[in-house]
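This is a predicted model, with the sequence first.
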Amino acid sequence: MTIPARPPQRTRRLRGAAVPVLALALVSLAGGRAAGQGAAAPRPEPVRGEVFVGSEAERYLRVLQLAGRAPVYPWSVRGLGPRELDAAAPDSGTHPWARAMDYRRPPGARLTLVGPALARRYNSAFPYGGGDGPVWAGRGFTGSATAGFALEAGPLTLVVAPTVFDAQNREFALMPNGQPAHERFMDPRAPHQIDLPQRFGDGAYRRVDPGESTLRLDLGPLALGASTASQQWGPAVEQPLVLGNNAGGYPHAFVGTSRAVDIGIGRLAARGVWGILEQSPFAQDTIEPRRFMSGWVFSFSPRPSPNLELGVVRFFHTPWPQGGLTLHNFLKPFDPFLKAQLDSTDFPDLRGDRDNQLASAFARWVLPRAGFEVYGEYLRDDHAWDLQDFLMEPDHQSAYTLGFQKAWDRGGRSLLVLRGEVMNARRSNLTNVRHQNLTYMHFSTPQGHTLRGQILGAPDAYGGAGSTVALDRYSPSGRWTVRWDRALRNERAATDTLPGVLDVTHALGVERVLFVRGAELTGGVRGVWELNRDFGADAFNLNATLGLRARF
């Protein structure tokens, strides 16, 4: 069967794109004057209540570590709590954003506002975007808003920061998946093995989400609480393999270290999490819609090399038990790693269970005197059969991320950061002799590694690959970034009747963050070229963003 090529996209019809593009230009032109106003602010802006996963405040804190302007702190168990911020905060006010970002703990109890923040996204031809929490940006305009407050009082931290978004979700050509009616929106490669819609219905898509909300108690070396905030496990910047902020957070309880604990041979940071995962309206309607997640992450920095971070992650999806949760569900992450060691009750021939397991190991090494860091993560999706199987074929059902960052400190006036990252989750050559699923999909838990229809880890890892090269310049006025991103979305193997084809996107763009008195403006424009989109014609998409965050 041949797949008909779609007609070329009419790339010149970019109606509506002028608004965000013009806005970015205005933000850029205002830079000189606004920067002067921001630098003259009478006192730094407190940001402790807004150091969320993927936020500007969190991203900049990692840059300060890299440049030697802040203590090197373990970075693979996030979001960061108040005592972790105490340990990771910069110890001087000479860095470029000293007036815009104050991470220090205030005396006594303090109530601060979170946001309010408004954002507008635009895609001219097809959905594009990621790493923005629960927001899904389809074709057309997508608007979002976040507002709330943060309270820090002794050992208690309370953050309430819900998010609402409304996606115009305009029509675009879908890749056929052979499904009827509303199921045509489901994933075209494995519609009944992953909850990953191509489009969220044929009309506007909107959602109110509890967002980055957390209730946390820090008691000595221990932290515990409940949250719906995004988490990120592992050292990646763009492509975290197990858990990042691409899909946002979900209701969960957690317990772990309040900050990295000195255990004699080094520092240990750990967190255990148990939560509820939801599916989208386009998941298979004959399955249990809820999943119970359980997982843990450990990060260790040995005493002889305190800037080296080593860690492991384990994450389980469990279909919600009909008889209710048991102790075993909570202890699931401590099950054996090898399939031969599992109970054979559910699948006597395969010695498996119905749960979906992901496990990874990672490392990060920071050299602050050189302004350099290198990091990597290796993922196994599902169990190896036994130790021999793992040692002989470690690339089965696997993926990896490798990255680096290099910073140049211009004497406190500016920071220049060059960074690159590559992630590969393509099926290996073992496919010729042994079955391999696409990363994140699962047979018995058919929602796969998703939350409400979005990937919990790296979106490009679903049967593909991704890479990023970016140059960031931080100055008192804000940030400039120029970046190139490549993503392998899909690959079709060669057959007797069809040649092999890769579906690949290249995105080139510029981003701007600008500080003005009492506000933070953001804008960005990317040109996205997709070659062989859905194994058809090439397509072009203009992606633009504009945001405003108030600071009080």
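That came through, no problem.

now the helices for the stretch 451-552 of the chain?
With DSSP state H, counting those that start in this stretch as the criterion, the stretch 451-552 of the chain has no helices.

before we move on, what about the stretch 1-150 of the chain?
18-29, 31-39, 56-66, 82-88.

just flag whichever of those has the lowest average confidence.
Comparing mean pLDDT across the helices of the stretch 1-150 of the chain, the weakest is helix 31-39, with a mean of 44.

So which bits of stretch 189-202 are buried?
By neighbour count with 16 or more other CB atoms under 10 Å, stretch 189-202 contains the buried residues Arg189, Ala190, Pro191, His192, Gln193, Ile194, Asp195, Leu196, Pro197, Gln198, Arg199, Phe200. Bear in mind the C-beta positions are built from the backbone N, C-alpha and C, glycine included.

Give the closest residue to Tyr378 in space, chain neighbours not counted.
Tyr400 (4.9 Å; CB to CB, 6 or more residues apart in numbering).

looking at this, that neighbour is in a strand?
Yes - with DSSP: H, G, I helix; E, B strand; the rest coil as the criterion, Tyr400 is assigned to a strand.

count of neighbours near Ser305?
Neighbour count of Ser305, defined by other CB atoms under 10 Å: 11.

And it, what's its pLDDT?
Looking at Ser305, the pLDDT reads 93.

quick check, it in a helix?
No - using three-state DSSP, the assignment for Ser305 is coil, not a helix.

Torsion angles phi and psi at it?
Here is the backbone geometry of Ser305 (degrees, to the nearest 10): phi -130, psi 80.

To which secondary structure element type does the closest residue to it other than its chain neighbours belong?
Distance criterion CB to CB, 6+ apart; nearest residue to Ser305, sequence neighbours excluded, is Trp365 at 7.8 Å. Secondary structure state of Trp365, per three-state DSSP, is strand.

Tell me how many other residues crowd the residue nearest to Tyr378.
Neighbours of Tyr400 using other CB under 10 Å come to 18.

Dihedrals phi and psi, the nearest residue to Pro82 once chain neighbours are set aside?
Distances taken as CB to CB, 6+ apart put Thr157 closest to Pro82, at 5.4 Å, once the chain neighbours are dropped. Thr157 adopts backbone torsions of phi -130, psi 130, taken as degrees, to the nearest 10.

Report the beta-bridge partner residues of Gly523.
Note on Gly523: beta-bridge partners by DSSP bridges are Arg512, Leu546.

Against Gly131, how distant is it?
17 Å (CB to CB, to the nearest Å).

ok, now which ones touch Glu393?
Contacts of Glu393 were listed using CB atoms under 8 Å, 6 or more residues apart in numbering, and they are Ala384, Leu430, Arg434.

Of those residues, which is the most crowded?
Result: Ala384 is most packed of the contacts of Glu393 (other CB under 10 Å), 21 neighbours.

Show me what it is bridged to.
Leu338.

quick one: what helix or strand has the closest residue to Glu377 other than its chain neighbours in it?
Spatially, and ignoring its direct neighbours in sequence, Glu377 is nearest to Phe362 (4.0 Å; CB to CB, 6+ apart). According to DSSP states H and E, Phe362 maps onto strand 356-367.

now the angle from the next helix or strand along the chain from that strand to strand 356-367?
Downstream of strand 356-367, the next assigned helix or strand under DSSP H and E is strand 372-381. Angle of strand 372-381 versus strand 356-367, following axes from the mean of the first three to the mean of the last three CA atoms, to 10 degrees, is 170 degrees.

what's the helix or strand following strand 372-381 in contact with?
Using DSSP H and E, the helix or strand that follows strand 372-381 towards the C-terminus is helix 387-392. Residues outside helix 387-392 that contact it (CB under 8 Å, 6+ apart) are Leu338, Ala384, His396.

before we move on, what about stretch 61-74?
Contacts for stretch 61-74 (CB under 8 Å, 6+ apart): 51, 75, 84, 87-92, 94-95, 101, 103, 237, 260, 267, 269, 299, 301, 306-307, 309, 366, 368-369, 371-373, 405, 407, 409, 415, 417, 472, 474.

Filter these down to the buried ones.
51, 75, 84, 87-90, 95, 101, 103, 237, 260, 267, 269, 299, 301, 306, 309, 366, 368, 371, 373, 405, 407, 409, 415, 417, 472, 474.

For the stretch 351-500 of the chain, give me the ranges with low pLDDT.
Low-confidence segments of the stretch 351-500 of the chain, defined by pLDDT under 70: 351-353, 493-498, 500.

For it, just list every one of the strands.
356-367, 372-381, 398-409, 415-424, 450-451, 454-455, 465-475, 478-492 (DSSP state E, counting those that start in this stretch).

ok, and which of the ones you listed has the densest surroundings?
Highest mean neighbour count of the strands of the stretch 351-500 of the chain: strand 450-451, a mean of 26 (counted as mean count of other CB atoms under 10 Å).

residues contacting the residue nearest to Pro82?
Shown in contact with Thr157 (CB under 8 Å, 6+ apart): Gly81, Pro82, Ala150, Leu151, Thr214, Leu215, Arg216, Leu217, Asp218, Gly225.

List just the nearest of the residues you listed to Gln231.
Within those, distances to Gln231 taken as CB to CB reach their minimum at Thr214, with 10.4 Å.

Give me the number of neighbouring residues for that closest one.
So Thr214, with other CB under 10 Å, has 21 neighbours.

Pretty sure it sits against Gly225.
Yes - judged on CB atoms under 8 Å, Thr214 makes contact with Gly225 at a distance of 6.3 Å.

sorry, back to before: between Gly523 and Gly131, which has more neighbouring residues?
Legend: neighbour count by other CB under 10 Å for Gly523 and Gly131, higher for Gly523 (24 against 19).

where exactly do the strands run in the stretch 51-200 of the chain?
Going by DSSP E, counting those that start in this stretch, the stretch 51-200 of the chain shows strands at 77-78, 110-123, 140-153, 156-160, 163-167.

Let me know which of those is tucked in deepest.
strand 77-78 (a mean of 26).

beta partners for Leu224?
Going by DSSP bridges, Leu224 forms beta bridges with Leu217, Val255.

what's the average pLDDT for stretch 206-215?
In this model, stretch 206-215 has an average pLDDT of 95.

if we can go back for a sec, between the strands of the stretch 351-500 of the chain, which one is closest to Arg121.
When these are compared by CB to CB, strand 454-455 sits nearest Arg121, at 14.7 Å.

Distance from that closest one to the middle of the chain?
10 Å (CA atoms, centre = their mean, to the nearest Å).

what ranges of the stretch 201-350 of the chain fall below the confidence cut-off?
Ranges of the stretch 201-350 of the chain meeting pLDDT under 70: 286, 343-350.

what do you get if the cut-off is 50, keeping everything else the same?
Applying pLDDT under 50 to the stretch 201-350 of the chain flags residues 347-349.

which stretches of it form strands?
205-209, 214-219, 222-227, 232-233, 252-257, 261-262, 266-277, 291-302, 308-319.

Give me the contact list for the third one.
If I follow you right, that is strand 222-227. So strand 222-227 is contacted by 81, 83, 157, 213-217, 249, 251-258 (CB under 8 Å, 6+ apart).

How about the contacts made by the residue nearest to Tyr378?
Here Tyr400 is in contact with Leu241, Gly376, Glu377, Tyr378, Leu379, Met423, Asn424 (CB under 8 Å, 6+ apart).

between these, which is closest to Phe126?
Closest to Phe126, out of all of those and judged by CB to CB, is Met423, at 21.5 Å.

Quick check: the gap between Ser467 and Thr157.
For Ser467 relative to Thr157 (CB to CB), the value is 37 Å.

actually Ala283, sorry about that
Ala283 is 34 Å from Thr157, by CB to CB.

same thing with Ala260?
Distance, Ala260 to Thr157, using CB to CB: 18 Å.

can you redo the contacts of Tyr400 as JSON lines with distance to Phe515?
Output for the contacts of Tyr400, formatted as JSON lines (distance: CB to CB, whole Å):
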{"residue": "Leu241", "distance to Phe515": "33"}
{"residue": "Gly376", "distance to Phe515": "34"}
{"residue": "Glu377", "distance to Phe515": "33"}
{"residue": "Tyr378", "distance to Phe515": "39"}
{"residue": "Leu379", "distance to Phe515": "37"}
{"residue": "Met423", "distance to Phe515": "32"}
{"residue": "Asn424", "distance to Phe515": "37"}
